[in-house]
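Participant: I'd like to go over a predicted model; first the sequence, then the structure.
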Amino acid sequence: MKYHHLRFYSQLVWLLTLITSTIATSALAQPANFAELKLSPGFKASQGTIIGNTGGTDLLSRISNRDQNQNVCTGFATTNPDHILILEQDFDKLKILVDSGGQDTTLLIKGPEGADNETVRCGDDTGKNKDASIDSKQWRKGTYKIWVGTFDLGLRQSYTLTVQQ
């Protein structure tokens, strides 16, 4: 009789372990809604350009209220990142621009994934243009998650995302 209980408990522990690891893996994975960029220093302009659509209902401030430079992280985006940016080497400086034809967009970039302290970078209007951009230094090698947002809940609009050296 006591062996049946041991068998039951060992099966229960195995099942709970499986469920927990599945949940943890899916939370970490967060596949991108659109294309992935994989870049090394000296990349061609065409390699740093991808397209996507806004349209989320999650506040970007749930990821972070402010970035490393105290810029406000604002707007609505999807739960999953829109794009994954893989930097194969460190970059001294990168500029990431959204072009939605002048719509009011926002931008949040988090990474590199797995680092002791993931950096958050947020961007909003670029001068007179309402499209978001981030111009930042010291990009470490690794995987970054990119969210493109809007100020209107669920607003769907097309954009081009460009990464420049």
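Facilitator: Yes, it's here.
Participant: kindly provide the distance from residue 161 to residue 59.
Facilitator: Between residue 161 and residue 59 the computed distance is 20 Å (C-beta to C-beta, to the nearest Å). Backbone N, C-alpha and C define where each C-beta goes, glycine included.
Participant: between the two, which one's more packed in?
Facilitator: residue 161 (25 against 15; other C-beta atoms under 10 Å).
Participant: what's the first helix or strand after the lowest-mean-pLDDT helix or strand in the chain?
Facilitator: Of the helices and strands making up the chain, the lowest-confidence element is helix 2-29, at a mean of 46, by mean pLDDT, DSSP states H and E. Next helix or strand after helix 2-29 toward the C-terminus (DSSP states H and E): strand 36-39.
Participant: can you name the next helix or strand after that following strand?
Facilitator: strand 49-53.
Participant: which helices and strands does that next one pack with?
Facilitator: Counting by 3 or more C-beta pairs under 8 Å, 6 or more residues apart in numbering; DSSP states H and E, the packing neighbours recorded for strand 49-53 are strand 158-164.
Participant: may I have the strand it packs on exported as PDB, CA atoms only?
Facilitator: Extracted as PDB, the C-alpha positions of strand 158-164 are listed here (Å, rounded to 0.1, in the frame of the first residue of the first chain):
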ATOM      1  CA  SER A 158       2.100  49.600 -40.900                       C
ATOM      2  CA  TYR A 159       5.700  50.700 -40.300                       C
ATOM      3  CA  THR A 160       9.200  50.100 -41.400                       C
ATOM      4  CA  LEU A 161      11.900  49.600 -38.800                       C
ATOM      5  CA  THR A 162      15.400  50.600 -39.700                       C
ATOM      6  CA  VAL A 163      18.600  50.000 -37.800                       C
ATOM      7  CA  GLN A 164      21.600  52.300 -38.700                       C
END
